[in-house]
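*Asks:* Okay, here's the prediction I keep looking at, along with the sequence it came from:
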Amino acid sequence: MRLNRFQKFLIIAIVFVVFRNTVFFDFELKGTYISNAVDPILEMPRLGCTLEILGNGEYLSDCMGKGTYEVDDGYIKFSNKTISWGMPILRRFNIGSPMFLLSGDHQYYMIKQ
């Protein structure tokens, strides 16, 4: 069975979307993220909280302190000297910049600027 051009294109597009939603490179994650959480969420960053991913396994934040991070299976795991927590990494429209999910029910994210 031979595939026509449309079928080949469709397969390549699906593989690309799956790859872009599951693989995150360090250079993509580097940058400043800002929380859009309007209402308080238990133990999560508040509205306007900034998080800077430094790219060398470290982060700096005005509300989460300073510590290290690790990316594993679509999650970013943060830790400092006292606690650790993780957030799913998503992409806007499946191809945009990465963002960290705070609350899916309320559509709260840490959005890359």
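*Replies:* The structure has been received and is ready for your questions. Numbers count the residues shown, from 1 in each chain.
*Asks:* Please, where are all the helices along this structure?
*Replies:* In the chain, the segments counted as helices under DSSP state H are 5-22, 26-29.
*Asks:* got a list of contacts for the last one?
*Replies:* Counting by CB atoms under 8 Å, 6 or more residues apart in numbering, helix 26-29 makes contact with 53, 55, 71, 76, 89, 97, 98, all of which sit outside it. Backbone N, C-alpha and C define where each C-beta goes, glycine included.
*Asks:* The last one and residue 87: what is the separation?
*Replies:* From residue 98 across to residue 87, the span is 11 Å (CB to CB, to the nearest Å).
*Asks:* and the two? which has more neighbours close in?
*Replies:* More crowded of residue 98 and residue 87, by other CB atoms under 10 Å: residue 98, with 22 against 18.
*Asks:* Contacts only, for that one.
*Replies:* Residues in contact with residue 98 (CB under 8 Å, 6+ apart) are 24, 28, 29, 89, 90, 91, 112.
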